[in-house]
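**Student:** pasting the sequence and the predicted coordinates here, then a few questions.
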Amino acid sequence: MPGQTALLSPEKVLLTTLMVKLAVGAILATMLVRFPWFTRILLTEKRDWPERLVFAASLGVPLTAGVLSRLLLNYYAADLMLPGAFLAGLLAGPYAGAIVGTMVGVPAFVAGEWIALPFAVGCGFAGGGLREICPKEAIWHFSPLFFTGLHRHMWRLVRRSEIDWVVILLAAPIGLEIILQLLGSHWPQRIFLLHVTGTSAAMWFVIPLATVLSVAIPIKIWNSARIEHRLQEQEKLLMATRLDALASQINPHFLFNTLTSISSLIRSQPETARTLIVKLSGLLRRLLRSQEHFVTLREELEAIDEYLDIESIRFGPKLRVDKAIDPATLDLVVPSMLLQPLVENSIKHGLSQKLGEGRITIRSLRENGHAIIDVIDNGVGVSSVDAQRVTGSGIGLRNVNERLRVIYGANYQLQLDSVPGEGTCARIVIPEMALPARITA
């Protein structure tokens, strides 16, 4: 870099170039891992040919651009021919490494650096050969902080004569860098390498170290992305398991209460009990047929209608149901079996003890990116203290509250407002989630 040599000593120019080289490698690794298709390739150790070609292309194209920037712009820091080809082989196999080596070696070969092409291909095969004999997890454990435990690895290698893959992974790029330096010293101008004549001995240690870090830093970045993805998958599995556990609580609870209602009518009103059993079987058939954690509000209201058909037979004209549903909310996604416990609670604790007509109003609307669903009754009501106690103690309401917290976070909870003698309003406020984002178990 001619503009800098007038201001900096050769050693400082070399150090600056090496630091920028590491930064270029880290930026490239970070950019690639942001693409979901690239992350999916990293997550699988056994890759088919299309995946290997995609990996080779995604890594080889920017590395080739770096070689071209050196040849055309005289910008040395973007040339990652050695670590790039070796890294491709180490992670995707010898053929992927050879493809990347060919891609980065051809421009240099055309420019007169005829040793570059076979050397780059050899680096790819070297990384791929090491991958074939090395445990795959040992590769992902290769870290830029390898030197902190290097003494332990060396001691294990010397004392027990055991193969320590960290030492081998460290030695491979160092060996390739030494070969590069030897080739460049014997055939100047036939292959590119970073060296400055007359520098101190310490600088010759820095160059192989930079090569090792150019391999270790992308591995560390990509391994962190792999770990993060796996943790997210584990969180999803845990949430699904927890939702399954909550759903398994609500269904038996609902079934028990309904069967209790039917049993009370078997002697006094057998035909009514028979009709209730038929309605209940239809509702249970719907529940068994659907294994989804989330449904549209339209489907949830249809399930509520079947449940209310059962309760209407029990209570007769004493029970009245009104709906004020905003059509814009019908296709919004809500947790399944979310409203049934609220309606059941209104009937059981609010209307069953009320003299005269009981009325339940189900209302929904959209507001500020949220769906608001109210279940309102004109029952006996409870005090504010009792409302908090009921929310935390009853199986149905506690279940609804817990599901909201698990799915949407601690800020989303069941709101229960009640006035003694006037009725109760159970309100659910959840973020809008449209039909395309539908989630199944």
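**Tutor:** Nice, thanks for sending it over. Residues are numbered from 1 along each chain as shown.
**Student:** what's the neighbour count on the closest residue in space to Thr44 that isn't next to it in sequence?
**Tutor:** Excluding the flanking residues, the one nearest Thr44 by C-beta to C-beta, 6 or more residues apart in numbering is Glu51, at 7.2 Å. From N, CA and C alone the C-beta is placed, and that goes for glycine too. Applying other C-beta atoms under 10 Å, we find 16 residues neighbouring Glu51.
**Student:** surely Glu51 meets Glu45?
**Tutor:** No. Glu51 is beyond contact range of Glu45, at 10.9 Å (criterion: C-beta atoms under 8 Å).
**Student:** give me the low-pLDDT residue ranges for this protein?
**Tutor:** Residue ranges of the chain with pLDDT under 70: 1-7, 146-163, 196-201, 236-254, 257, 286-292, 314, 384-395, 434-441.
**Student:** can you list the domain ranges for it.
**Tutor:** The chain breaks down into these domains under automatic domain parsing: 2-232, 264-437.
**Student:** tell me which of the ones you listed approaches Phe256 most closely.
**Tutor:** When the domains of the chain are compared by C-beta to C-beta, domain 264-437 sits nearest Phe256, at 9.6 Å.
**Student:** so which residues of this protein form strands?
**Tutor:** Assigned by DSSP state E, the chain shows strands spanning 294-296, 319-325, 333-335, 358-367, 370-377, 415-419, 423-431.
**Student:** of those strands, flag the one that's most buried.
**Tutor:** Ranked by mean neighbour count, those are led by strand 333-335 with a mean of 23 (mean count of other C-beta atoms under 10 Å).
**Student:** how far off centre is that strand?
**Tutor:** 21 Å (C-alpha atoms, centre = their mean, to the nearest Å).
**Student:** same question for stretch 396-411.
**Tutor:** Centroid separation for stretch 396-411 versus its chain: 22 Å, with C-alpha atoms, centre = their mean.
**Student:** mind listing what's buried in it?
**Tutor:** Using 16 or more other C-beta atoms under 10 Å as the test for burial, stretch 396-411 gives Gly396, Leu397, Arg398, Asn399, Val400, Asn401, Glu402, Arg403, Leu404, Val406, Ile407.
**Student:** first-to-last residue distance for stretch 126-145?
**Tutor:** 23 Å (C-alpha to C-alpha, to the nearest Å).
**Student:** which parts of it are buried?
**Tutor:** Ala126, Gly127, Gly128, Gly129, Leu130, Arg131, Cys134, Ile139, Trp140, Phe142, Pro144.
**Student:** nearest to Gln181, of those?
**Tutor:** Distances from Gln181 to the buried residues of stretch 126-145, taken by C-beta to C-beta, are shortest for Ala126, at 15.9 Å.
**Student:** returning to that earlier point: need the strands of the chain in TSV (columns: distance to Asp305).
**Tutor:** Below are those laid out as TSV (distance: least, C-beta to C-beta, whole Å):
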stretch	distance to Asp305
strand 294-296	14
strand 319-325	9
strand 333-335	15
strand 358-367	10
strand 370-377	14
strand 415-419	23
strand 423-431	18
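**Student:** would you list the phi and psi of Ser143?
**Tutor:** Dihedral pair for Ser143: phi -120, psi 150, per degrees, to the nearest 10.
**Student:** name the nearest residue to it, ignoring sequence neighbours.
**Tutor:** Leaving out its chain neighbours, the residue that sits closest to Ser143 by C-beta to C-beta, 6+ apart is Lys220, at 5.5 Å.
**Student:** list the residues that contact the one you found.
**Tutor:** Neighbouring residues of Lys220 by C-beta atoms under 8 Å, 6 or more residues apart in numbering: Phe142, Ser143, Pro144.
**Student:** what's the spacing between the first one and Leu87?
**Tutor:** Same thing as Phe142. Phe142 sits 10 Å away from Leu87, going by C-beta to C-beta, to the nearest Å.
**Student:** one more: Lys279?
**Tutor:** Counting by C-beta to C-beta, the gap from Lys279 to Leu87 is 65 Å.
**Student:** which one of those two is surrounded by more residues?
**Tutor:** Leu87 (28 against 20).
**Student:** quick check: the more buried one touching Ala216?
**Tutor:** No. Contact criterion C-beta under 8 Å: Leu87 and Ala216 do not qualify, at 9.4 Å.
**Student:** need the contact list for Gly128.
**Tutor:** By C-beta under 8 Å, 6+ apart, Gly128 lies in contact with Gly89, Leu90, Ala92, Gly93, Pro94, Tyr95, Ala96, Gly97, Ala98.
**Student:** in space, what's closest to Ala108 - neighbours in sequence excluded?
**Tutor:** Nearest residue to Ala108, sequence neighbours excluded (C-beta to C-beta, 6+ apart): Ala116, at 3.6 Å.
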